[in-house]
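Colleague: turn this into a model:
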Amino acid sequence: MKNSFSSWLMSSELGTYLLAREQAYFDLAVADVFGFHAVQLGLPSLDLLRANRIAWQCCAAEEGAAHIRCHPAQLPFETRSLDLLVMPHVLDFTTQPHQVLREVERVLMPEGRLILTGFNPVSLWGVRHLLQRRDRAPWNGHFLSLVRIKDWLTLLELEPCTVSFMAYAPPFLRGDWVERFGFMEKVGDRWWPLAAGVYGIEAVKRQRGMRLIMPQWAPAKASAGLAVTAGSERQHTPCQTINSSD
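Modeller: Residues are numbered from 1 along each chain as shown. Reported below is the predicted structural model:
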C-alpha cells in the first residue's frame, strides 16, 4: 500500500470523509468474528481491527509503522494460520491482485474470513478516476469492479457472503461541498447502492473437497416367519409375526 494513499486519507477533507465511513464499516464487519489470529494488511496508521476481540492481532504492510514488513503478494504467515484478514484497498494499489488473493486463500483457515474494500469504477468516483491525473492518490489506483473481484474470489473458493456500499457523496475536494450532499448517504443504500464510491466485501474460505458424509444404514434382515401388515396401503402399522408352529 502506498504511503501517499494513507496520507491522503489522513490529511485531505475528502480523505477524512472516506476514512470515517470505512472505519465504521470495518468496526461493524469485524465485531463478531472469532478465532485466534487476525491480521490487517495495509494502512498501518489506522486500526481497523479495534472492534475485534481476537487476542493475537498484527498489521502487515510494505512501509510505515507496521508490525511486519512484507509485500502483499508474499505473506509471511503459515498456511491455514489466520482466522481473519482485513484488506483496505490493497487490491487497488497492487500490480499483482491475483497473487495477493492466492496468498489470502493460502493463509486463511477453513471458514476463515476476508474483509476488503475497493473503489467502485461505476460511480462518480470512478468518473473522476478517468478524468483525473493519475499521478496522485487515490486516483492512481486501479479501481477494480465489484463483479471482477467477486469472480476472482469465487474461483479461489473464497465465497462472498456480504457486500456493502459506502461514500455516496460526489468526490469534491472541499469538505463543505461534500457535506451539502450528505442526504445521499441516508438514501444511498436504498436508491442507488451500486453507485457508491467504495464497496466492501466479506468472504469466507470454504474447505476444498469438503462434502457431507451420510451414514450407511444396513438393510434390516427379514424376521423368521411370515410378516402380515394390517391396514390400508396408506396406513402403516407395526408388523405381526406368525410362527409356523402355531
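
Colleague: return the list of strands paired to the lengthiest strand in the chain, each annotated with direction.
Modeller: For the chain, the strand that runs over the most residues, judged by DSSP state E, is strand 108-119. According to DSSP bridges, strand 108-119 has the following sheet partners: strand 82-88 (parallel), strand 198-205 (antiparallel).

Colleague: any buried residues in the last one, and which?
Modeller: When you say that, I think you mean strand 198-205. Counting neighbours by 16 or more other Cβ atoms under 10 Å, one finds that the buried residues in strand 198-205 are 198-205. Any C-beta I mention is one placed from the backbone N, CA and C, and that applies to glycine too.

Colleague: how far away is T162 from F5?
Modeller: Using Cβ to Cβ, to the nearest Å, one gets 24 Å for the distance from T162 to F5.

Colleague: hmm, back to that, and the buried residues of strand 198-205 as JSON lines, adding pLDDT and distance to W125?
Modeller: What follows is those, written out as JSON lines (pLDDT from 0 to 100; distance: Cβ to Cβ, whole Å):
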{"residue": "V198", "pLDDT": "97", "distance to W125": "7"}
{"residue": "Y199", "pLDDT": "97", "distance to W125": "11"}
{"residue": "G200", "pLDDT": "98", "distance to W125": "14"}
{"residue": "I201", "pLDDT": "98", "distance to W125": "17"}
{"residue": "E202", "pLDDT": "98", "distance to W125": "21"}
{"residue": "A203", "pLDDT": "98", "distance to W125": "22"}
{"residue": "V204", "pLDDT": "98", "distance to W125": "28"}
{"residue": "K205", "pLDDT": "98", "distance to W125": "29"}
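
Colleague: among the residues you listed, which two are most distant?
Modeller: Maximum pairwise distance among the buried residues of strand 198-205 (Cβ to Cβ): 23.2 Å, between V198 and K205.

Colleague: any stretches of the protein with poor pLDDT?
Modeller: Judged against pLDDT under 70, the low-scoring parts of the chain cover residues 1-3, 173-178, 180-193, 208-246.

Colleague: repeat that for 80
Modeller: By pLDDT under 80, the low-scoring segments of the chain are 1-3, 133-134, 172-194, 207-246.

Colleague: the longest helix that it contains: which residues count as buried?
Modeller: With secondary structure taken from DSSP state H, the chain has its longest helix at helix 13-30. In terms of neighbour count (16+ other Cβ under 10 Å), helix 13-30 has its buried residues at 14-15, 17-19, 21-23, 25-26, 29-30.

Colleague: same check, this time on stretch 111-130
Modeller: Going by neighbour count (16+ other Cβ under 10 Å), the buried part of stretch 111-130 is 112-121, 123-126, 128-129.

Colleague: which of those residues lies closest to S45?
Modeller: Scanning the buried residues of stretch 111-130 for proximity to S45, where the rule is Cβ to Cβ, the winner is T117, at 15.7 Å.

Colleague: which residues in the chain form helices?
Modeller: For the chain, helices defined by DSSP H occupy the ranges 3-11, 13-30, 97-107, 124-131, 146-155, 175-180, 183-191.

Colleague: the inter-axis angle of the longest one versus strand 82-88?
Modeller: Relative orientation of helix 13-30 and strand 82-88, computed by axes from the mean of the first three to the mean of the last three Cα atoms, to 10 degrees: 160 degrees.

Colleague: need the CA coordinates for helix 13-30. PDB is fine.
Modeller: Provided in PDB are the C-alpha atoms of helix 13-30 (Å, rounded to 0.1, in the frame of the first residue of the first chain):
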ATOM      1  CA  GLU A  13     -11.000  16.700   3.500                       C
ATOM      2  CA  LEU A  14     -12.300  14.100   1.000                       C
ATOM      3  CA  GLY A  15     -10.000  11.500   2.500                       C
ATOM      4  CA  THR A  16     -11.200  12.300   6.000                       C
ATOM      5  CA  TYR A  17     -14.800  11.900   4.800                       C
ATOM      6  CA  LEU A  18     -14.000   8.500   3.300                       C
ATOM      7  CA  LEU A  19     -12.000   7.300   6.300                       C
ATOM      8  CA  ALA A  20     -14.900   7.900   8.700                       C
ATOM      9  CA  ARG A  21     -17.100   5.700   6.600                       C
ATOM     10  CA  GLU A  22     -14.600   2.900   6.100                       C
ATOM     11  CA  GLN A  23     -13.700   2.900   9.800                       C
ATOM     12  CA  ALA A  24     -17.400   2.500  10.700                       C
ATOM     13  CA  TYR A  25     -17.700  -0.300   8.100                       C
ATOM     14  CA  PHE A  26     -14.700  -2.300   9.400                       C
ATOM     15  CA  ASP A  27     -15.800  -1.700  13.100                       C
ATOM     16  CA  LEU A  28     -19.100  -3.400  12.300                       C
ATOM     17  CA  ALA A  29     -17.700  -6.100  10.000                       C
ATOM     18  CA  VAL A  30     -15.000  -7.400  12.400                       C
END
